[in-house]
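Peer 1: The following comprises the amino acid sequence and a computationally predicted model.
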Amino acid sequence: MSPTEHELHGYWGLTRQAAHQAFHAIGGRDVHVTSGFRTVQRNRAIGGVEGSYHTRRRAVDLVGLPSVLGEILVHAHEHGAVEALHEYRGTRREHLHLAF
Ligand SMILES: [Zn+2]
């Protein structure tokens, strides 16, 4: 499964432009979205970075096979990503974070 541009905007709450860029960065690869837009309160509650792009509707978190996430990471900047990084919980790789 791969999220559609419509889902990234309408369900996950990204701006139209961020949804468009994220859609192309994902490139139809098999990933699941675990987070998109967060309110400031929600972001704070889950320990998100202050001022996170998630609170500005410009970030998405993805899970999937490490090789698939690695491919997306390598090409993300070509699709306008301003942040592309693996986020960890403890030592466990939690997800790929992309911001546009
Ligand atoms: Zn994130």
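Peer 2: Arrived safely.

Peer 1: what's the first-to-last distance across stretch 21-41?
Peer 2: 26 Å (C-alpha to C-alpha, to the nearest Å).

Peer 1: start at 753 instead
Peer 2: All set: I'll call the first residue 753, so the last point we hit is now stretch 773-793.

Peer 1: List the buried residues for that stretch?
Peer 2: 773, 774, 775, 777, 778, 781, 783, 785, 787, 788, 789, 790 (16 or more other C-beta atoms under 10 Å). Every residue, glycine included, has its C-beta placed from N, CA and C.

Peer 1: List the contacts of residue 785.
Peer 2: By C-beta atoms under 8 Å, 6 or more residues apart in numbering, the residues touching residue 785 are 755, 759, 760, 764, 812, 813, 814.

Peer 1: now do residue 753
Peer 2: Contacts of residue 753 (C-beta under 8 Å, 6+ apart): 782, 783, 784.

Peer 1: what sits opposite residue 845 in the beta ladder?
Peer 2: Judged by DSSP bridges, the bridge partners of residue 845 are residue 840.

Peer 1: so which helix or strand takes in the closest residue to the ion within the chain?
Peer 2: The minimum distance from the chain to the ion, using C-beta to the ion, falls at residue 849 (3.3 Å). Assigned by DSSP states H and E, residue 849 belongs to strand 844-851.

Peer 1: wait, doesn't residue 784 sit right on residue 812?
Peer 2: No - Residue 784 is beyond contact range of residue 812, at 10.8 Å (criterion: C-beta atoms under 8 Å).
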